[in-house]
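Asks: attaching a predicted model along with its sequence, questions to come.
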Amino acid sequence: MNKVEAIIRPEKLNDVKEALVAVGLVGLNVVNVTGRGAQRGVTTGGSRGVGRYEIDMLPKVKLELVVHDDATQQAIDTIVENARTGNIGDGKIFIYPVTDAIKVRTGERGDEAL
């Protein structure tokens with residue numbers, strides 16, 4: 001099992017969610033976050049006496065899903081295909097190994113818990 005954690009643009013969330021469901025990956029968590037990477041925010045202002053100012057923390061969405069080992073690449077490909085705009089700030093994907101999972105309702109463990 002692997003945890004796939006993706007930081008993406010908020011406006012791409014529905015596209016990514018729908019694409020994940022279409023390939024059979026329905027369980028996920030979504031968290032609204034702010035952050036910065038290579039983009040380092042945006043600079044705006046500078047007209048009619050208003051000075052320029054920087055917004056260095058931008059709104060993003062973090063998706064978290066735990067998938068079977070054989071579904072990891074499918075999850076990655078699906079997220080990349082549907083989150084990519086080709087512009088700086090499209091996001092990142094991180095993969096973590098998951099050693100165990102327990103379904104609270106039934107007590108099932110491991111792959112059966114997914």
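Replies: Now that the structure is in, tell me what you want to look at. Numbers count the residues shown, from 1 in each chain.

Asks: helices of this structure, start to end?
Replies: 13-22, 72-83 (DSSP state H).

Asks: Asp111: which of those helices is closest?
Replies: helix 72-83 (12.8 Å; CB to CB). Quick note: C-beta positions are derived from backbone N, CA and C, even for glycine.

Asks: give me the mean pLDDT for stretch 58-65.
Replies: If you average the pLDDT over stretch 58-65, you get 96.

Asks: in this protein, what secondary structure element scores lowest on mean pLDDT?
Replies: strand 42-45 (a mean of 60; mean pLDDT, DSSP states H and E).

Asks: count the residues that sit near the closest residue in space to Lys3 that isn't next to it in sequence.
Replies: Distances taken as CB to CB, 6 or more residues apart in numbering place Tyr96 nearest to Lys3, at 4.3 Å, with adjacent residues excluded. Residues lying near Tyr96 (other CB atoms under 10 Å) number 11.

Asks: my guess is Tyr96 contacts Glu5. True?
Replies: Yes: taking CB atoms under 8 Å as the definition, Tyr96 is a contact partner of Glu5 at 6.9 Å.

Asks: hmm, Arg36 and Asp56 touching each other?
Replies: Yes: the criterion here is CB under 8 Å, and Asp56 meets it with Arg36 at 5.6 Å.

Asks: so how far is stretch 21-36 from its chain's centroid?
Replies: Centre-to-centre, stretch 21-36 and its host chain are 5 Å apart (CA atoms, centre = their mean, to the nearest Å).

Asks: got the contact list for it?
Replies: The contact list for stretch 21-36, computed with CB atoms under 8 Å, 6 or more residues apart in numbering, reads 7, 10, 13, 17, 20, 56-67, 71, 74-75, 78, 114.

Asks: filter these to the buried ones?
Replies: 7, 13, 17, 20, 58, 60-63, 65-67, 71, 74-75, 78 (16 or more other CB atoms under 10 Å).
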